[in-house]
Structure formats: structure tokens, C-alpha cells
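Asks: What would the 3D arrangement of this be:
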Amino acid sequence: MAPALLTAVDSTSHIHLIVGSNPLAGARCTRSIEVGAKPLLVAPEDATLHYGLTKRIDEEEVEWLKRDFRDEDLTSLGRDEVDHVVDAVFVTLGGKHPLSTYISTLCRKLRIPINVADAPNLCTFTLLSTHSDGPLQIGVTTSGKGCKLSARIRREIASSLPSQIGEAVERLGTIRRRIWEEDHAAELSMDLEAEEDDAGQTSTFNKLITAEDMEVARNRRMRWLAQICEYWPLRRLAAITDYDVETVLRSYTTSNASGLDPATLDSRGRRGRIVLAGSGPGNPDLLTRATHKAILAADLILADKLVPAPVLDLVPRRATIYIARKFPGNADKAQEELLEMGLEGLKAGKNVVRLKQGDPYIYGRGAEEYDFFRGHGYIPVVLPGITSALSAPLFAAIPPTHRSVADQVLICTGTGRKGAAPDPPEYVESRTVVFLMALHRLSSLIGSLVNDKKRWPKETPCAVLERASCPDQRVIRTALEYVCAAVEEEGSRPPGLLVVGKACEVLWNGKQKWVVEEGFKGFEDLGMEGSVESTRSRQVDEQHNGKGLDIVREY
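Replies: You can find the predicted model right below:
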């Protein structure tokens, strides 16, 4: 099969005839409108139309001929200047419909371009999967072998292009047009008759100008433009600004240089990059590969103060680490300081990683930070992290959901905006509730849960989980009745969270007021002994009991 002749057709004011009423017909109408054509839909009056197509008909963007197709439609519905022959026909009925073959045969005889859905043998042209960016259009076709595949190839190509490449095409086109116009004007100015009509004489009147000189002057800038389009990296071309266009045109009138410094353009292309990354619950082995790669490529790390040292140990020495100075009463100011530091780094062309404990969007103000950087022209890459709200219960042998015990999980914060206490949820027997950032005001939280309004039973099982997945992990298993006394006696070991619900006793059921479990076994059984965190975890446990096992204290 010979390759198709790919062309770009100016369809402004063309008449496109679309036969059919299915969703594909709506898509064909939409595409016709996008390229400036007028779509005429041919379908019976009782046909069922897609909502989007009906909307376009109501808005008079599409004209609906409420009847069956007629042969004379091909030669009577078109533009006056082409004797009323339609410019293109789209049949959306499918290749097996007898009308598709019939219309295709008619169009071929009249040499009208015809496209039949899912029938390459009935088509004289096919639609490309296109990517558009201003004047730049990239089309991909698989010659009817699969539109999904062509769409995927098109996405792969588009994703490899630098941003603003469409604007670069526009600017380079402006340079090309201006060069041609100025050179053409120069030719006219050298016209002998024009010189005779000129009353004055120029300063170069006695200077010999050869035909070769004129040709060199005329072609110098165009050759330079052709060379940079051929050899310069696309990212460098995308960095050209409107000011650079004027620089090129001015410089070549006085010298052989373009006035553009490639190094300057390349430095513009090195825009800063911002990554909002979740560091997980604490153990570096629980980082995602994407976050680990971002850390290794970072120039500046802006980290929450709760991000543990073993994670920060992964940061390369060349990178700068700044830990958020957040403490009660200074949280908002510290957050503003962190954002401004990130913005300064981005303006300097640095790779900035905002490293957040857990997941950026689970009580991490990640969306606020995304909006801030986007507002300054930098679109963040957001990398998820394993949230402690779901992973910490796992490390404490607490399944947040369990058949016949808990069929739902609710994640709450114990601290609202400006430190205010949020309204806690009401009691649902089959629900597991995870409270983040609540241990510093545990007494008031428990009081609000067991009051007459919320009606949480004081014997409801709960657990305080601290430093999850770290060597000094601690779990306090108890009930709402005793949890405050337990934390008061054992002390606090942030970061921590509170899990409440019957799921807390699915894999453990004790009769004591509370039980304290110290240590984290790590991932030794998975063959991960070589990791920094696993090794440290074993050492801490062995200091306690010589066997690398958890320490359990009962009360």
C-alpha cells in the first residue's frame, strides 16, 4: 500500500456534509466548526441525537436537515463559488451500512473527498490525530489501522516538545516574513526608474554595488534563519522572545551577526522546577521511586520539620536543605517564608523540592502551595506519599476496614485553621476514625467525643500511634476512657495520631487499661536489611532486649 499524501487543507467557509446522528457525527461537526467550516447534518427527524450535538444545533452552529440522504445533496448544498458542490462528506454510519458504500461511490465519481467511519476502503481521505499549539499542528495517521494507536503516538510526540514551542513558531515566522518584506523593499529601492525619480543622492551614490553583494545581503539573514531552525535545540528556539525578533532584524542591518547569544537563550530555557512530594510516614524505604528521584535531582529542599533525618540523609550534598520553622503561633509566617524561598529558587532556575510529611494533599496544605506557585507561573509536579493515616495503623496491626467490624474509614484533623478545634464526627459503630494532629489537645478531643451530643462509648477501643515506621515507633493500645491518662504517663513522641474504632481490637484484644509497644521491626523479612532505616531499627531494638523484638509494657 502506497503512503498517503498528507496535506493541510484551509477549510474556512467550506461546507461539510455529515451523514448520521451518533456521537461520532457530533464529533465530526465539532471538528468542522473548529477549522472554520460549516457542518450540515443529514439525519431523519426521529433520530436520537447526542446531547452535545443537540446543543450545537440549538445554538445554530450546526444546521440539521431532518430527512434521509439524497443524491442531489452532494451537488446542491455547497458554496456558490464551487457551483454548490459540497467540499467534504463524512459518513458516520459504519462500513457495513449499505448507504456508506453508496455515498462513497457517488463521491468518488464527483471527486468529492469522502470519509467513512471504520471503513478505510471507502475513504478517499482520513482524519489525522492532531496536536495544535498556535500555528504549530502535528498530525499522526496509521492509515486506518487504529485511531487509538495514532492518538497515543500523537500524545507521546506532543509530550516531548518544549512548552511554548507554538509561540516560537509564530516568532520565527515573523522573522521570516519581516526578512522577506525588507529584502523585497530593498530590491524595489534599487530600481533604476525609482532612482531617476529621486531628486536627491544617497551617501553611497559613488559606491560600487555588484550583483553579488546584493545577493549576499539579501540571503544572509534567511540562511541564518534556516540554519537555526535546522540545528538549534527546540528548547533554545522556544526561548526566543518578541524583543529578540527586533534584535535580529536590527543587528543584521549593521553587521553579519544576529545579535542572539545561544548561551543567553539556553539560560532562559533552564526554568526552575517545583515538585511537591510526599515523604511518607517516616521510613525512607517507604518513599516512592518518583520522590526519591526528585530528591536526588534537587538543588533546594524545603522540608517539613517532621520529615525524619533518615529521609533527609538521602539529599545530595550539593543541595541546600531548609527546614520549616513552624511552631505554635508562627505557622502562617513560616509557611509564607517557605513559599518565598521556593519562589526565589525557581527564579534562579533551581530544581526545588517541597518535601512534606505523609502525602501533600492530606492535611499538608499541598493545594494551597500548588495554587501559590501556579499563580507565579510555575506549575508544580505533585508526587503522592504514603499517608500515615492509612499506613500507621498497618504497622500497629490495625486494619482500618474489616468485614463485619468496620466498613468505612474517616480521616479527621484534630487542629483546624488558626489552631481552632474542629467539630469531631458523631459515633458510627462500623467506622474507623483516624485523627491527625490531635495529640496536643487530646483531652478536649476525647471530652467532645464522649459527651451527650456525640455519644461515643467510653469503652471504644483506640490506639495512639507515634513515629510510625521509624526505629522508635510506639503504639499505645487502650480505650477512650484511659487514653488521656496513658499519654500523660508515657509522654508524647511526635508525630503521632489517634485511631478510634472497633478495628483496633481485631488483631489484638487485651484486658489491661493500656499496653505500650516499643520499636519497629522494619523490613528484614523482605531482604531489605541493607537499607539505612532497617539497620538502625534493628540496632535500637537490640539495645532494648537483645533479640530485635518489640518491647511490650502492660498497665
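Asks: Please make it C-alpha for all contacts and neighbour counts, starting now.
Replies: Noted.
Asks: Remind me what the longest helix along the chain packs against, helices and strands.
Replies: Here the longest helix in the chain is taken by residue count, with DSSP state H as the criterion, and it is helix 165-189. Using 3 or more C-alpha pairs under 8 Å, 6 or more residues apart in numbering; DSSP states H and E as the contact criterion, the elements in contact with helix 165-189 are strand 129-133, strand 136-140, helix 211-231, helix 234-238, helix 242-251.
Asks: Which of the helices or strands spans residue 89?
Replies: Using DSSP states H and E, residue 89 falls within strand 88-91.
Asks: returning to what we had before: would you mind checking which of the helices and strands packed on helix 165-189 scores lowest on average pLDDT?
Replies: Ranked by mean pLDDT, the helices and strands packed on helix 165-189 bottom out at helix 211-231, with a mean of 74.
Asks: what stretches of the stretch 301-450 of the chain score poorly on pLDDT?
Replies: 326-331, 416, 418-419 (pLDDT under 70).
Asks: repeat that with 80
Replies: 325-332, 415-422 (pLDDT under 80).
Asks: returning to what we had before: distance between the following helix or strand past the strand holding residue 89 and the chain's centre?
Replies: Using DSSP H and E, the helix or strand that follows strand 88-91 towards the C-terminus is helix 98-110. Between the mean C-alpha location of helix 98-110 and the chain-wide mean there is a distance of 44 Å, by C-alpha atoms, centre = their mean, to the nearest Å.
Asks: what sits against the residue nearest the centre of the chain?
Replies: The centroid of the chain falls nearest to residue 381 when counting by C-alpha atoms, centre = their mean (6.7 Å). Applying C-alpha atoms under 8 Å, 6 or more residues apart in numbering to residue 381 gives the contacts 274, 275, 276.
Asks: one more time with 10 Å
Replies: Contacts for residue 381 were tallied using C-alpha atoms under 10 Å, 6 or more residues apart in numbering; they are 273, 274, 275, 276, 277, 353, 370.
Asks: thinking again about what came up before, can I get the helices and strands packed on helix 165-189 in JSON lines including distance to residue 47 and mean neighbour count?
Replies: Conversion of the helices and strands packed on helix 165-189 to JSON lines gives the following (distance: least, C-alpha to C-alpha, whole Å; neighbours: other C-alpha atoms under 10 Å):
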{"stretch": "strand 129-133", "distance to residue 47": "28", "mean neighbour count": "15"}
{"stretch": "strand 136-140", "distance to residue 47": "33", "mean neighbour count": "15"}
{"stretch": "helix 211-231", "distance to residue 47": "51", "mean neighbour count": "13"}
{"stretch": "helix 234-238", "distance to residue 47": "49", "mean neighbour count": "21"}
{"stretch": "helix 242-251", "distance to residue 47": "52", "mean neighbour count": "15"}
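Asks: Take those and lay them out in JSON lines including distance to residue 460.
Replies: Output for these, formatted as JSON lines (distance: least, C-alpha to C-alpha, whole Å):
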{"stretch": "strand 129-133", "distance to residue 460": "58"}
{"stretch": "strand 136-140", "distance to residue 460": "62"}
{"stretch": "helix 211-231", "distance to residue 460": "71"}
{"stretch": "helix 234-238", "distance to residue 460": "61"}
{"stretch": "helix 242-251", "distance to residue 460": "68"}
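Asks: Any idea which of the ones you listed gets closest to residue 104?
Replies: Using C-alpha to C-alpha as the measure, strand 129-133 is the one of the helices and strands packed on helix 165-189 that comes nearest residue 104, at 22.3 Å.
Asks: For residue 357, find the nearest of the helices and strands packed on helix 165-189.
Replies: Closest to residue 357 of the helices and strands packed on helix 165-189, according to C-alpha to C-alpha: helix 234-238, at 34.5 Å.
Asks: The stretch 451-555 of the chain: helices as residue ranges?
Replies: Assigned by DSSP state H, counting those that start in this stretch, the helices in the stretch 451-555 of the chain fall at 483-490, 532-545.
Asks: same deal with the stretch 301-450 of the chain?
Replies: With DSSP H, counting those that start in this stretch as the criterion, the stretch 301-450 of the chain has helices at 309-312, 331-347, 366-375, 388-395, 442-449.
Asks: Helix 331-347 and the third one, what's the angle between them?
Replies: Angle, helix 366-375 to helix 331-347, by axes from the mean of the first three to the mean of the last three C-alpha atoms, to 10 degrees: 40 degrees.
Asks: Show me which residues of helix 366-375 are buried.
Replies: 366, 369, 370, 372, 373 (16 or more other C-alpha atoms under 10 Å).
Asks: how close does residue 357 sit to residue 383?
Replies: Separation of residue 357 from residue 383 (C-alpha to C-alpha, to the nearest Å): 12 Å.
Asks: Tell me which of the helices of the stretch 301-450 of the chain sits most buried.
Replies: Comparing these by mean neighbour count (mean count of other C-alpha atoms under 10 Å), helix 388-395 comes out on top with a mean of 22.
Asks: Output the contacting helices and strands for that helix.
Replies: If you count contacts as 3 or more C-alpha pairs under 10 Å, 6 or more residues apart in numbering; DSSP states H and E, helix 388-395 packs onto strand 408-413, strand 431-436, strand 461-466, strand 474-479, strand 496-500.
Asks: closest to residue 79 out of those?
Replies: Ranking these by proximity to residue 79 (C-alpha to C-alpha) places strand 408-413 first, at 63.3 Å.
Asks: Show me what that closest one is packed against.
Replies: Helices and strands touching strand 408-413, as assessed by 3+ C-alpha pairs under 10 Å, 6+ apart, comprise helix 388-395, strand 431-436, strand 496-500.
Asks: May I have the last one as CSV, with CA atoms only?
Replies: The reference is to strand 496-500. Extracted in CSV, the C-alpha atoms of strand 496-500 (Å, rounded to 0.1, in the frame of the first residue of the first chain):
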residue,chain,number,x,y,z
GLY,A,496,1.6,10.8,66.2
LEU,A,497,-2.1,10.1,65.5
LEU,A,498,-5.1,8.6,67.2
VAL,A,499,-7.1,5.7,65.8
VAL,A,500,-10.5,5.1,67.2
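Asks: looking only at pLDDT, what's the mean for it?
Replies: Throughout strand 496-500, pLDDT has a mean value of 95.
Asks: could you give the angle of that strand to strand 461-466?
Replies: Between the direction of strand 496-500 and that of strand 461-466, the angle (the same axes, to 10 degrees) works out to 170 degrees.
Asks: what's the burial count for residue 464?
Replies: Other residues near residue 464 come to 26 when the count uses other C-alpha atoms under 10 Å.
Asks: what pairs with it across the strands?
Replies: residue 476, residue 498 (DSSP bridges).
Asks: and residue 350, how many neighbours does it have?
Replies: For residue 350, the number of neighbouring residues by other C-alpha under 10 Å comes to 21.
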